[in-house]
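>>> fold the following, please.
(chains A and B)
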Number of protein chains: 2
Amino acid sequence: MLKKIEQRQTRKSDVIEKIKASRLELSRLETQIKEAGLPVIITFDGWSAAGKGSLISQVIKALDPRFFEVVSVRNPSDTDRRKPWMYRFWRAIPMKGRFTIYDRSWYHDSLNAMMYDGLGKKAYKRRLSDIATFERQLTDDGYLIIKIFLHITEEEQKKRIKKLEGSKVTAWRVDDKDRYNLKHYDEFLETYDDQIKSTNYDYAPWSVIGANEKTSAVLDIYEVIIGSIKGALEAKKDKKKYIPKAQFETVSPALEGFNSVQVPKLKDVDLNKSLTDEEYEEQLDKYQEKLFKLQNLCYQKKLPVIVCYEGWDAGGKGGNIKRLAAALDPRGYEVKPIAAPEPSELARHYLWRFWNRLENDGHFTIFDRTWYGRVMVEPIEGLTPKDRVDQAYREINEFEAQLAEWGAVIVKFWINIDKDEQLRRFTERQNTPEKQWKITDEDWRNREKWDIYEEYIDRMTELTSTENAPWVIIEGNDKKYARIKALKTVIKRIEEALDKK
Amino acid sequence: MLKKIEQRQTRKSDVIEKIKASRLELSRLETQIKEAGLPVIITFDGWSAAGKGSLISQVIKALDPRFFEVVSVRNPSDTDRRKPWMYRFWRAIPMKGRFTIYDRSWYHDSLNAMMYDGLGKKAYKRRLSDIATFERQLTDDGYLIIKIFLHITEEEQKKRIKKLEGSKVTAWRVDDKDRYNLKHYDEFLETYDDQIKSTNYDYAPWSVIGANEKTSAVLDIYEVIIGSIKGALEAKKDKKKYIPKAQFETVSPALEGFNSVQVPKLKDVDLNKSLTDEEYEEQLDKYQEKLFKLQNLCYQKKLPVIVCYEGWDAGGKGGNIKRLAAALDPRGYEVKPIAAPEPSELARHYLWRFWNRLENDGHFTIFDRTWYGRVMVEPIEGLTPKDRVDQAYREINEFEAQLAEWGAVIVKFWINIDKDEQLRRFTERQNTPEKQWKITDEDWRNREKWDIYEEYIDRMTELTSTENAPWVIIEGNDKKYARIKALKTVIKRIEEALDKK
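Next up, the predicted model:
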């Protein structure tokens, strides 16, 4: 495929005029992008010495620098290595109406990991599947993704690297990887070819650009970008997902299947389970001590632990989290309370704020409410269109699968109480001065929607209880029973994970 | 001082009851902290093996884990070293109504840098002065800072380290620094003593706690925390700055003076300066090329460059930034547009969001509007009380001094136009469809307040033009002249800084 890419040698004067016109046009389109709230991602990959840096500099001359960010993807840092591999790419996605330009992308990163860093073939394939997911999730959310591969011939690459090496000012810019890239040109040619072919998704196809001659390359890049933006703006107006015209045959990545784990419907949960004070005190000490020891092992083995708390208002999440946290060394966990999103969060894919909150491996991240708001409060309150909510079940399963792939233990609790118990607790809160801050009008309003919530919760647990991340319904009418069950569940899941390590 | 600290050996049963009572009391106070929006910082420093980790675990049992964060201060990472040294402490400050608990603080970090990392005496002193500033700025803003030093005797330390080393499970927790700390007990005793004495500020005094016996230490810590919180809540009610009762004599750190650099008043600026198109094109090419070369040197020499843009609405900031940015390799700069703060930003000290946006050394950070909103729009719109605005001039000078100390070149532009020119540009925007998004009702409202703005701007440039960070008024009626002047100024300042390296 790459071999057939044309390397143009155009008369410069002609091209320069066209570039000026394109720059003006892109600059005009930028206003429309802001108005429409279109988030744009542009990635630049390609051969060593293909001129990514200088071409990006050329291209962004058309853009208002207050509305884009260029992210330079180098080897992952020590901190990057302690997060899921897609973490650093997720973090940098743009807000609506803005651009992120990746100077080398997840493609380069994966290929690099395979070629230099010992990543196996199977893990590499797994990464490509994560990429398909990432790009589908973002484009489903209205993101425009433009993927550019800069192709140069072996001869040209040799010439450029020699030239860079020949001058004191630029010699430092050539490293061993560049030389290796040149030395194994044919091998890389095949690998790039494979990568491009297998990831040429219809929603985010590749544009391969002959970059032997930089000035025509600039023009070609502008044409791709302008065409895509126009198409995406048009599609947005028609409320359709944008499917660009593709340079090569596209592929449709298979959607991942998930092994589901059965969960009872809420109405079938026996809420009469309870513990005596003595049983509680004894077991609390025992399991807290056990968890503390396990935390040490998690830290040493770099096992990430993610505990998700969902449940009815006044279900007892706070007290339950407190007992779990009290068992842990405070340097090794963080509780993330999830409230309404901030403006910068609302302006991005809804999973962004959760990616952004992941702690390093070896640590516990405890979410007090989670990404599941997407399929409960958001549809019930009409905050999110139905089609995006329908997609969310799969997106969430995919998100959790990526966390599991990273090695995380994922424990998800629904703390269940019945309607009478909730009323009792609401009333108690209302009548106790120190607890009044915990009860709001919204709680009462939500209570009126009990039945519709129950319906959504049952659907949620049915569609998102997977082997990676099964739901656990906690019988919550008795707080003591609920706390012990949560502790025991976390312990069991960690022990299972450590056994497999 | 430390030698005189009492090491209690209390009857445990008595203490345990009291601890339970304190825990309950702190838990009750937490509700008041949330309601009052009091942000609380607690730092734990002290000897190696003084039991910081386990004491923190004990103390936080009283707290709702959704409202605190424990920050573990280890050796600075590679990224930490590329920011101002206080950066990582600033980043972690709590929001209103929440706690941050630092497991070792800026004190430990500085002492460590001096004892193990080659930080000179003078630089160490400089750090203590940064600390005084940090703690004063936060307490002026209503933060409560509780500084705890855990003191153990040499004999006790020896016993503990031996015990840790003696067991396979815990031996890894003892490192060379711990052994060094023990071996040089007397030297450290003196250094800790000096540090505590010289940083015992009245607004953030030390509490030194004898920790040979852990159970009494827990109780002592609770007493300190509870006393401080009560005092701070009381002071907050009375709208006064809280000055705690101190265990030792307090010191008042000298306030830093700043060498001011004169700036003309806006009315004295000659706005008739201009360039022809030819002059402009020629100089633009020349200076952009020069700046591009300098950027390379900045990167190699790890020089941070911070460019701040302020100016009248329609003054031409955007176009000016664009010409500056176009000169730069996009991997080495970022433009930070500053709009209204998000809720999480409003809930912290106002400088937090700017600390948070600093790029690594070697990079350019370009602010499109800045922290100077604090002394312009905030007082004019009545968003901030007068006393906090009055303090802001000094706080800003201190902030910039810390950036300069880190090595940053700080360039601050006020782009000046006159009232007629603004009207011309507003009208043009209103009449040009692509530019209409740039003009809002707020712009017209601000225009009505031109005179009061001018007054505040003159005061701002007078009070915050320092040798570290002088203001440059840019004659902006002619956009071409303004762009070239900005480029030339940035170049000159970088050249001066590189000369000194």
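
>>> figure out the helix or strand that the residue positioned nearest the centre of chain A lives in.
For chain A, A:Trp90 is the residue whose C-alpha lies nearest the centre (C-alpha atoms, centre = their mean; 4.8 Å). Here A:Trp90, judged by DSSP states H and E, is contained in helix A:87-91.

>>> equivalent analysis for A:Glu135, please.
helix A:121-140.

>>> immediately after that helix, which helix or strand?
With elements assigned by DSSP H and E, the helix or strand that comes after helix A:121-140 is strand A:144-151.

>>> quick one: strands adjacent to that following strand?
Applying DSSP bridges to the sheet, strand A:144-151 is found paired with strand A:40-46 (parallel), strand A:206-210 (parallel).

>>> which helices and strands sit right next to the helix or strand of chain A with the lowest mean pLDDT?
None of the helices or strands of chain A scores lower by mean pLDDT, DSSP states H and E than helix A:168-171, at a mean of 81. Contact here means 3 or more C-beta pairs under 8 Å, 6 or more residues apart in numbering or on different chains; DSSP states H and E; on that basis helix A:168-171 packs against helix A:154-166. Any C-beta I mention is one placed from the backbone N, CA and C, and that applies to glycine too.

>>> could you tell me how far the residue nearest to the centre of chain A is located from B:Leu38?
To B:Leu38, A:Trp90 is 34 Å away according to C-beta to C-beta, to the nearest Å.

>>> go on, A:Pro76?
Counting by C-beta to C-beta, the gap from A:Pro76 to B:Leu38 is 40 Å.

>>> so between the two, which is more surrounded?
With neighbours defined as other C-beta atoms under 10 Å in any protein chain shown, A:Pro76 and B:Leu38 compare such that B:Leu38 has more, 23 against 17.

>>> wait, is the more buried one part of a helix?
No: the assignment for B:Leu38, made by DSSP: H, G, I helix; E, B strand; the rest coil, is coil rather than a helix.

>>> quick one: it from chain A, how far?
Distance, B:Leu38 to chain A, by C-beta to the nearest C-beta, to the nearest Å: 14 Å.

>>> what sits against that residue?
B:32, B:96-97, B:142, B:144, B:229, B:232-233, B:236 (C-beta atoms under 8 Å, 6 or more residues apart in numbering or on different chains).

>>> just the buried members of those?
If you count burial by 16 or more other C-beta atoms under 10 Å in any protein chain shown, the buried members of the contacts of B:Leu38 come out as B:32, B:96-97, B:142, B:144, B:229, B:232-233, B:236.

>>> which of these sits closest to chain A?
When the buried ones among the contacts of B:Leu38 are compared for distance to chain A (C-beta to the nearest C-beta), B:Gln32 wins out at 8.9 Å.

>>> my guess is the closest one contacts B:Leu233. True?
Yes: B:Gln32 lies in contact with B:Leu233 (C-beta atoms under 8 Å); the separation is 5.7 Å.

>>> can you give me the helices in the stretch 301-450 of chain A?
Shown for the stretch 301-450 of chain A, the helices assigned by DSSP state H, counting those that start in this stretch span residues A:317-326, A:343-346, A:352-355, A:377-380, A:386-406, A:419-431, A:441-448, A:450-464.

>>> and what of the stretch 151-300 of chain A?
A:154-166, A:168-171, A:176-183, A:185-198, A:214-237, A:277-300.

>>> of the ones you listed, which shows the lowest average pLDDT?
In terms of average pLDDT, helix A:168-171 trails the rest of the helices of the stretch 151-300 of chain A, at a mean of 81.

>>> need phi/psi at the residue lying closest to A:Asp458 once chain neighbours are set aside.
In space, and not counting its chain neighbours, A:Asp458 is closest to A:Lys265: 5.0 Å by C-beta to C-beta, 6 or more residues apart in numbering or on different chains. Per-residue torsions, A:Lys265: phi -70, psi 150 (degrees, to the nearest 10).

>>> show me which residues of chain A sit near chain B.
When proximity is defined as C-beta under 8 Å from any C-beta of the partner chain, chain A approaches chain B at A:28, A:31, A:34-35, A:53, A:56-57, A:60-61, A:64-67, A:69-70, A:72, A:77-79, A:101, A:103, A:318, A:321-322, A:325-326, A:329-331, A:334-335, A:337, A:342-344, A:366, A:368, A:434, A:437.

>>> list buried residues within the residues you listed.
A:31, A:53, A:56-57, A:60-61, A:64-67, A:69-70, A:101, A:103, A:318, A:321-322, A:325-326, A:329-331, A:334-335, A:337, A:366, A:368.

>>> what are the buried residues along stretch A:367-384?
A:367-380, A:384.

>>> of all these, which comes closest to chain B?
Checking those one by one against chain B (C-beta to the nearest C-beta), the nearest turns out to be A:Asp368, at 5.2 Å.

>>> which residues does that closest one contact?
A:309, A:317-318, A:321, A:335-338, B:66.

>>> shaky segments in chain A?
Within chain A, the stretches with pLDDT under 70 are A:10-11.

>>> again, only using 50
Low-confidence segments of chain A (pLDDT under 50): none present.

>>> quick one: A:Thr375 and A:Met460 touch, right?
Heads up, residue A:375 is Val, not Thr. Yes: counting by C-beta under 8 Å, A:Val375 does reach A:Met460; the two are 5.1 Å apart.

>>> give me the common contacts of these two.
Common neighbours of A:Val375 and A:Met460, counting by C-beta under 8 Å, 6+ apart, are A:Tyr393.

>>> related to what we said a few turns ago, with mean neighbour count added, can I get the strands paired with strand A:144-151 in JSON lines?
Putting those into JSON lines (neighbours: other C-beta atoms under 10 Å in any protein chain shown) gives the following:
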{"stretch": "strand A:40-46", "mean neighbour count": "25"}
{"stretch": "strand A:206-210", "mean neighbour count": "23"}
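
>>> check contacts around the residue nearest to A:Thr170 when sequence neighbours are not counted.
Leaving aside its sequence neighbours, A:Thr170 sits nearest to A:Leu164 (C-beta to C-beta, 6+ apart; 4.5 Å). Applying C-beta under 8 Å, 6+ apart, we find A:Leu164 in contact with A:49, A:170-171, A:173-174.

>>> please report how far A:Leu164 lies from chain B.
To chain B, A:Leu164 is 14 Å away according to C-beta to the nearest C-beta.

>>> that residue and A:Glu156: what is the separation?
In terms of C-beta to C-beta, A:Leu164 sits 13 Å off from A:Glu156.

>>> quick revisit: buried among the contacts of A:Leu164? Need that as a selection in PyMOL.
Provided next is the PyMOL selection string for whichever of the contacts of A:Leu164 are buried by 16+ other C-beta under 10 Å:
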select buried, chain A and resi 49+174
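
>>> for B:Ala254, find the nearest of the helices of the stretch 301-450 of chain A.
helix A:343-346 (39.8 Å; C-beta to C-beta).

>>> can you show me the CA trace of that closest one as PDB?
C-alpha atoms of helix A:343-346 as PDB (Å, rounded to 0.1, in the frame of the first residue of the first chain):
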ATOM      1  CA  PRO A 343     -17.700  22.800  32.500                       C
ATOM      2  CA  SER A 344     -14.400  21.400  31.200                       C
ATOM      3  CA  GLU A 345     -15.700  17.900  31.900                       C
ATOM      4  CA  LEU A 346     -19.000  18.400  30.200                       C
END
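
>>> contacting residues around that helix?
Counting by C-beta under 8 Å, 6+ apart, A:95, A:352-353, B:342 sit against helix A:343-346.

>>> out of those residues, which end up buried?
The buried subset of the contacts of helix A:343-346 - by 16+ other C-beta under 10 Å - is A:95, A:352-353.

>>> can you report how many residues neighbour A:Pro470?
A:Pro470: 19 surrounding residues under other C-beta under 10 Å.

>>> next up, the contacts around A:Ile338.
Applying C-beta under 8 Å, 6+ apart to A:Ile338 gives the contacts A:367-370, A:373.

>>> what about it, distance to A:Trp371?
For A:Ile338, the distance to A:Trp371 - C-beta to C-beta - is 8 Å.

>>> ok so, going back, ok, so of the buried residues of stretch A:367-384, who is nearest B:Lys197?
Of those, the one sitting nearest to B:Lys197 (C-beta to C-beta) turns out to be A:Asp368, at 42.1 Å.

>>> cool, thanks, talk later.
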